[in-house]
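> how would this look folded up:
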Amino acid sequence: MPVFGDFPAGFAIADAEFAVLRFGLAQRCYPDVTLMLNKHLSRRGRPQVFTKKNLAKYAIVPLAMGLVLPASIAVEAKAAPPKISYESGRFETDYKFKTIEFSGQDWAIRSTNDVMGWGGPQAPHPSDGEGKWVQGAHVNGKDELVVQNKGIDGGVELIATESTGYGTYEFSYTGDFDGMDPSNVLGIFTYDTAEVAIDRTPGMEKHTNMKGSSEIDFIEISRWGSADRPKTFGMVTVYPDDLKGFGDRVPHKRFDIPKGVQTIKTKAVWDKNYLRVITSLADGTVLSDDTQTKRVPRDNGTQQLRVNLWTTKANKSLYPKAEGDKITFDDATFTPAGEKRKTEKKSDKSTTEPSTKPEDKSKSDKKSEKSKDSKNTNDSNKSKDPKKSDSTKAPETTQPEKPTENTEESNEKGSEDGNERMNLIQKLIAILTGQG
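Residues are numbered from 1 along each chain as shown. Model (predicted):
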């Protein structure tokens with residue numbers, strides 16, 4: 001695209017009508033355009049509405065709505081689509097984000113760019129109403145993944161660049177979970193945003209996402225804005241493919257996280273019509289053992305594993321004051337179904353092993369009974385762990401108490417942006433056509 005006059009690089013005079021659309025994640029614009037746009041309005045006796053502060057919220061794009069507006073407005077060059085690969089047999093992209101390597105996978109660190117046009121679930125910053133994302137992740141000298149958010153000033157989200165599907169997911173992470181800011185949330189989950197990469201790539205068929213976005217929250221840890229709650233709690237939540245709304249999700253039973261610095265291990269087995277998630281402490285104490293065999297999202301080949309640490313707006317009076325927290329991971333491994341983990345860690349032995357199928361669980365129980373019968377009398381006097389959960393116990397499916405004003409938080413996708421975009425367009429049209 002050619003450059004005209006004194007316009008900054010990447011901009012040109014538009015020969016057609018234009019519109020101003022607001023995006024949840026601001027498109028990068030040059031501050032010099034502020035002066036150019038205001039001069040354009042001033043010559044026509046209109047208020048100079050653009051400022052250096054608010055310009056970053058806007059992207060100037062060709063008009064395709066049949067509206068008649070003045071021409072000769074700067075248009076930002078169209079951004080190139082992110083690179084997409086299927087070399088592994090599965091969808092893979094980094095969304096043009098910076099990447100790091102940890103636990104045998106490449107992880108993209110979410111930031112503000114021209115690919116993802118939404119700011120959720122991070123709470124909107126009081127200064128401009130935008131959810132901020134920061135580069136708060138790195139691998140330290142011990143080969144641990146350190147995730148550190150900035151509270152209201154920025155959440156952190158890592159995305160495994162290669163899609164993961166049916167198989168075993170293992171995580172080990174340490175932090176003072178009970179001491180977390182009450183508005184902060186730690187999440188480990190699958191989610192599908194492939195459309196933002198596929199739909200803008202020429203020659204590719206548009207991506208059809210599931211109604212639940214293939215989201216499986218293996219765990220979310222938070223107080224969800226309830227500062228007076230005695231303990232931080234964790235919970236597994238599933239969003240079925242036929243989701244009818246946020247209230248149609250499948251939440252499992254809440255469980256408290258002990259006080260003090262804790263190392264938590266979460267292990268999940270996901271297969272067709274089967275999900276089992278076990279969360280335990282480093283000493284083997286089981287905090288939660290959940291199984292689901294109905295309405296389990298299917299592997300569509302494009303969902304990606306994610307880890308995030310973000311601020312919820314559940315408590316509107318509290319979240320603007322949210323401060324940062326730090327969680328350290330020493331394991332975040334995915335093993336495809338039918339395969340064995342390549343490297344086993346000694347610490348993994350303390351985690352209860354979920355079976356890959358319900359029928360495998362009953363076989364394991366029979367073998368265990370035979371083993372007990374063959375033990376001598378000395379073995380029979382050994383104590384049993386009273387805290388170990390019964391693997392055959394049916395999962396708790398009762399709808400738990402809903403966190404305060406949390407209806408939009410866990411699955412916030414920027415639904416408010418659409419109405420706001422139209423309002424801004426209408427206001428600008430009125431200004432530029434002399435009706436405002």
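> in this protein, what spans have low per-residue confidence?
1-78, 117-118, 343-436 (pLDDT under 70).
> The stretch 151-300 of the chain: helices as residue ranges?
195-198 (DSSP state H, counting those that start in this stretch).
> just the strands in it please.
156-160, 167-175, 184-191, 216-222, 233-238, 250-251, 255-256, 262-271, 274-281, 286-292 (DSSP state E, counting those that start in this stretch).
> care to break the chain down by domain?
Listed by automatic domain parsing, the domain ranges of the chain are 11-78+419-432, 84-351+395-405.
> most tightly surrounded among those domains?
domain 84-351+395-405 (a mean of 18; mean count of other C-beta atoms under 10 Å). For the C-beta atoms, the positions are set from N, CA and C on the backbone; glycine is no exception.
> Adding distance to A80, write the strands of the stretch 151-300 of the chain out as CSV.
As requested, the strands of the stretch 151-300 of the chain are exported to CSV (distance: least, C-beta to C-beta, whole Å):
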stretch, distance to A80
strand 156-160, 19
strand 167-175, 33
strand 184-191, 24
strand 216-222, 32
strand 233-238, 36
strand 250-251, 39
strand 255-256, 45
strand 262-271, 34
strand 274-281, 37
strand 286-292, 40
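> of all these, which lies closest to E339?
Comparing those by their distance to E339 (C-beta to C-beta), the top pick is strand 167-175, with 7.3 Å.
> how about the closest residue in space to L158 that isn't next to it in sequence, phi and psi?
Once flanking residues are discounted, L158 sits nearest to W107: 4.3 Å by C-beta to C-beta, 6 or more residues apart in numbering. Main-chain dihedrals, W107, degrees, to the nearest 10: phi -120, psi 130.
> I'd assumed I100 was in contact with W107.
Yes: if you go by C-beta atoms under 8 Å, W107 and I100 touch, sitting 5.6 Å apart.
> Between these two, which contacts overlap?
137, 145, 158 (C-beta atoms under 8 Å, 6 or more residues apart in numbering).
> From those residues, pick the one nearest D192.
For the shared contacts of W107 and I100, the nearest to D192 is L158 (15.9 Å; C-beta to C-beta).
> Hmm, the closest one is touching V147, no?
Yes: if you go by C-beta under 8 Å, L158 and V147 touch, sitting 7.2 Å apart.
> Look up the residues that both of these two are in contact with.
With C-beta under 8 Å, 6+ apart, L158 and V147 have common neighbours 137, 307.
> quick revisit: which of the strands of the stretch 151-300 of the chain sits closest to G301?
strand 184-191 (11.8 Å).
> Could you say which one of the strands of the stretch 151-300 of the chain comes nearest to A197?
The minimum distance between A197 and the strands of the stretch 151-300 of the chain falls on strand 156-160, with 11.1 Å, by C-beta to C-beta.
> F218 touches V269, doesn't it?
No: checked against C-beta under 8 Å, the pair F218 and V269 is beyond contact range at 10.4 Å.
> okay, and the common contacts of these two?
169, 277.
> that older thread, can you say which of the strands of the stretch 151-300 of the chain is nearest to K326?
That would be strand 167-175 among the strands of the stretch 151-300 of the chain, by C-beta to C-beta, at 6.5 Å.
> when you compare where the closest one runs with where strand 262-271 runs, what's the angle?
170 degrees (axes from the mean of the first three to the mean of the last three C-alpha atoms, to 10 degrees).
> Now do the same contact list for K132.
112, 119, 122, 125, 150, 152-155.
> Next: Y239.
212-217, 249-250, 297, 411.
> Try it again at 6 Å.
212, 215, 249 (C-beta atoms under 6 Å, 6 or more residues apart in numbering).
> Which single one of the residues you listed is nearest to F189?
Nearest member of these to F189, counting by C-beta to C-beta, is E215, at 6.0 Å.
> The closest one - nearest residue in space that isn't next to it in sequence?
Nearest one to E215, counting by C-beta to C-beta, 6+ apart, is Y239 at 4.1 Å.
> same thing with I159?
A108 (4.6 Å).
> doesn't F97 make contact with the one you found?
Yes: A108 lies in contact with F97 (C-beta atoms under 6 Å); the separation is 4.0 Å.
> does N184 have beta-bridge partners, and which?
T311 (DSSP bridges).
> Next, work out how far apart it and T237 are.
For N184, the distance to T237 (C-beta to C-beta, to the nearest Å) stands at 17 Å.
> quick one, what contacts V156?
By C-beta under 6 Å, 6+ apart, the contact list for V156 reads 136-137, 147, 149, 309.
> can you do 10 Å?
109-111, 122, 133-137, 146-150, 307-310, 324-327 (C-beta atoms under 10 Å, 6 or more residues apart in numbering).
> that older thread, can you add distance to I188 and give the shared contacts of W107 and I100 back as a markdown table?
Output for the shared contacts of W107 and I100, formatted as a markdown table (distance: C-beta to C-beta, whole Å):
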| residue | distance to I188 |
| --- | --- |
| A137 | 14 |
| L145 | 12 |
| L158 | 10 |
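> Go through the residues you listed and name the one nearest S85.
L158 (18.5 Å).
> I'd say that closest one and R110 touch.
Yes: judged on C-beta atoms under 10 Å, L158 makes contact with R110 at a distance of 7.3 Å.
> Mutual contacts of the two, please.
97, 136-137, 306, 308.
> mind listing which of those residues are in strands?
Those of these mapping onto strands are 137, 306, 308, per DSSP state E.
> Nearest to A197 among the residues you listed?
R306 (14.8 Å).
> my guess is V307 meets V146, correct?
No: if you go by C-beta under 10 Å, V307 and V146 don't touch, sitting 11.5 Å apart.
> Show me whatever sits in contact with both of these two.
In contact with both V307 and V146: 102, 137, 156, 327, 329, using C-beta under 10 Å, 6+ apart.
> what's the closest non-adjacent residue to the last one?
Going back to what we said before, that points to F329. F329's closest residue in space is L145 (C-beta to C-beta, 6+ apart), at 4.1 Å.
> for the first one, same thing?
Take F102 and drop its neighbours on the chain: the residue closest to it by C-beta to C-beta, 6+ apart is L145, 4.5 Å away.
> is the one you found in a bridge, and if so with what?
Applying DSSP bridges, one finds that L145 bridges with V139, F329.
> right, and it touches H138 too?
Yes: counting by C-beta under 10 Å, H138 is a contact partner of L145 at 7.8 Å.
> Identify the contacts common to these two.
100, 102.
> Okay, and the beta partners of K267?
Beta-bridge pairing of K267 under DSSP bridges involves E170, I278.
> what's the burial count for the nearest residue to P202 once chain neighbours are set aside?
Closest residue to P202 apart from its sequence neighbours, by C-beta to C-beta, 6+ apart: P81 at 7.7 Å. Applying other C-beta atoms under 10 Å, we find 19 other residues in the vicinity of P81.
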